[in-house]
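A.B. asks: whatever this is, show me its structure:
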Amino acid sequence: MRLLILMLLLLDLSGGVVRAEPLVLQRTIALNGVSGRIDHVAIDAGRKRLFVAELGNGTMDAIDLEVGQVARRIDGLKEPQGVGYAPTRDILAIASAGDGSVRLFHGADLSAAGVVALGDDADNVRLDPASGDFVVGYGSGGLAVIDPSSGAVRSRIRLAAHPESFQIDAVSHYAYVNVPDARQIAVVDLSAARQTATWRVPDLTANFPLALDEAGSTVASVFRSPPRLVVLDAHNGKPTSNLVSCSDADDVFFDTRRRRLYVSCGQGSVDVWQQDGAGYRHIGSIKTASGARTSLFVPVLDRLYVAARAGFFGLGSVAAILEFRPVD
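C.D. replies: Next up, the predicted model:
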């Protein structure tokens, strides 16, 4: 009888095998008292803390992932957009659009460690894995390289317009940068502090999310108009795949272990793509919540975290982080 029940569970009504979703919701972590848009997310893997930039609320929450709740909130921020953590210096950086600042905090107790004034619209924060410096997109077109320990700006790199998502290759020391208002992907030599190449994808605009694979050989950029996931050769910028994506995408990640791509979208879903030979095939569209477009995949924890705004689960619902576990 048990064997019969198991067989029935594995079969759908058409006689096919029911396959597990590629992502399973593990838990929901409430962000009580948080309203408005939620922006970028970062990880302190050593302490298992997730940092969430809450732009509309003017706050940054530090979530203790061991217990699944907010452990500390930093308030008084002016439209915090980007957040990054430098483990070797134990410094947290929060970039704010409202005043163009990058505020630095000691990782141990989140006490203030300094302020860097970039001037305007400080946005995405990335850690340069080779140097340990922060790289911050800001203003009408620039990247700033910041020493986490001193707060000194090592260099400023001009771009054609405001940068959105970008990623850094530790080996080549190149950054791949989405510059949607200029309709380009910029290739930046961080060592030389200059843009060295410009890639364009015809007929596509609003490229916000961007990912770089672990080997530094493949770039994934997602466009919003029309919604397309474009995979490019990192050596020459030539597209190798151009696929229909979910709409209002804001983050994309490579899952190297499973040879997958995750795309989180404001339409209320995460698209999952499986590498199949030289291309990719769609294997799932996981429901999240309307407007939940910001996410972070953490390979060392093997989890995907998706940020959902207050009210998007229904009237009166609180903001939350949705923790998904990938399924092989």
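A.B. asks: contacts, neighbours, all on C-alpha from now
C.D. replies: Will do.
A.B. asks: below-threshold pLDDT in the stretch 101-250 of the chain: ranges please.
C.D. replies: Of all residues in the stretch 101-250 of the chain, none has pLDDT under 70.
A.B. asks: the helices in the chain, which residues?
C.D. replies: For the chain, applying DSSP state H gives helices covering 2-10.
A.B. asks: which residues sit against stretch 180-189?
C.D. replies: Contacting residues not belonging to stretch 180-189 are listed as 159-164, 173-179, 194-201, 204-208 [Cα atoms under 8 Å, 6 or more residues apart in numbering].
A.B. asks: test my guess that residue 104 contacts residue 125.
C.D. replies: No - taking Cα atoms under 8 Å as the definition, residue 104 is not a contact partner of residue 125, at 11.8 Å.
A.B. asks: so what sits against both of the two?
C.D. replies: 93, 94.
A.B. asks: which one of those two has more residues nearby?
C.D. replies: The residue with the greater number of neighbours, taking residue 104 and residue 125 and applying other Cα atoms under 10 Å, is residue 125; the counts read 29 against 25.
A.B. asks: for the stretch 1-150 of the chain, just list every one of the strands.
C.D. replies: Taking DSSP state E, counting those that start in this stretch as the criterion, the stretch 1-150 of the chain carries its strands at 23-31, 41-44, 49-54, 59-64, 69-74, 80-86, 91-96, 101-106, 112-117, 125-127, 134-138, 142-146.
A.B. asks: could the ones you listed go into JSON lines alongside distance to residue 168?
C.D. replies: Converted to JSON lines, the strands of the stretch 1-150 of the chain look like this (distance: least, Cα to Cα, whole Å):
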{"stretch": "strand 23-31", "distance to residue 168": "27"}
{"stretch": "strand 41-44", "distance to residue 168": "15"}
{"stretch": "strand 49-54", "distance to residue 168": "20"}
{"stretch": "strand 59-64", "distance to residue 168": "24"}
{"stretch": "strand 69-74", "distance to residue 168": "28"}
{"stretch": "strand 80-86", "distance to residue 168": "13"}
{"stretch": "strand 91-96", "distance to residue 168": "17"}
{"stretch": "strand 101-106", "distance to residue 168": "19"}
{"stretch": "strand 112-117", "distance to residue 168": "21"}
{"stretch": "strand 125-127", "distance to residue 168": "8"}
{"stretch": "strand 134-138", "distance to residue 168": "9"}
{"stretch": "strand 142-146", "distance to residue 168": "12"}
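A.B. asks: mind checking which of those strands is nearest residue 274?
C.D. replies: Smallest distance to residue 274 across the strands of the stretch 1-150 of the chain (Cα to Cα): 12.5 Å, for strand 23-31.
A.B. asks: so which bits of the closest one are buried?
C.D. replies: Buried residues in strand 23-31, counted by 16 or more other Cα atoms under 10 Å: 23, 25, 28, 29, 30, 31.
A.B. asks: take those and write them to CSV, including distance to residue 309 and pLDDT.
C.D. replies: As requested, those are arranged in CSV below (distance: Cα to Cα, whole Å; pLDDT from 0 to 100):
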residue, distance to residue 309, pLDDT
23, 20, 98
25, 17, 97
28, 13, 97
29, 12, 97
30, 10, 97
31, 9, 97
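A.B. asks: ok, how many other residues are close to the closest residue in space to residue 61 that isn't next to it in sequence?
C.D. replies: Closest residue to residue 61 in three dimensions, ignoring its sequence neighbours and counting by Cα to Cα, 6 or more residues apart in numbering: residue 73, at 4.5 Å. As a burial measure, the neighbour count of residue 73 was computed by other Cα under 10 Å and equals 13.
A.B. asks: my guess is residue 73 contacts residue 58. True?
C.D. replies: No - with contact defined as Cα under 8 Å, residue 73 and residue 58 do not form a contacting pair (10.3 Å).
A.B. asks: could I get the phi/psi values of the closest residue to residue 179 other than its chain neighbours?
C.D. replies: The shortest distance from residue 179 to any residue other than its chain neighbours is 4.8 Å, reached at residue 163 (Cα to Cα, 6+ apart). As for residue 163, its main-chain torsions (degrees, to the nearest 10) stand at phi -80, psi 140.
A.B. asks: residue contacts, residue 163?
C.D. replies: When the contact criterion is Cα under 8 Å, 6+ apart, the partners of residue 163 are 137, 138, 141, 142, 143, 177, 178, 179, 180.
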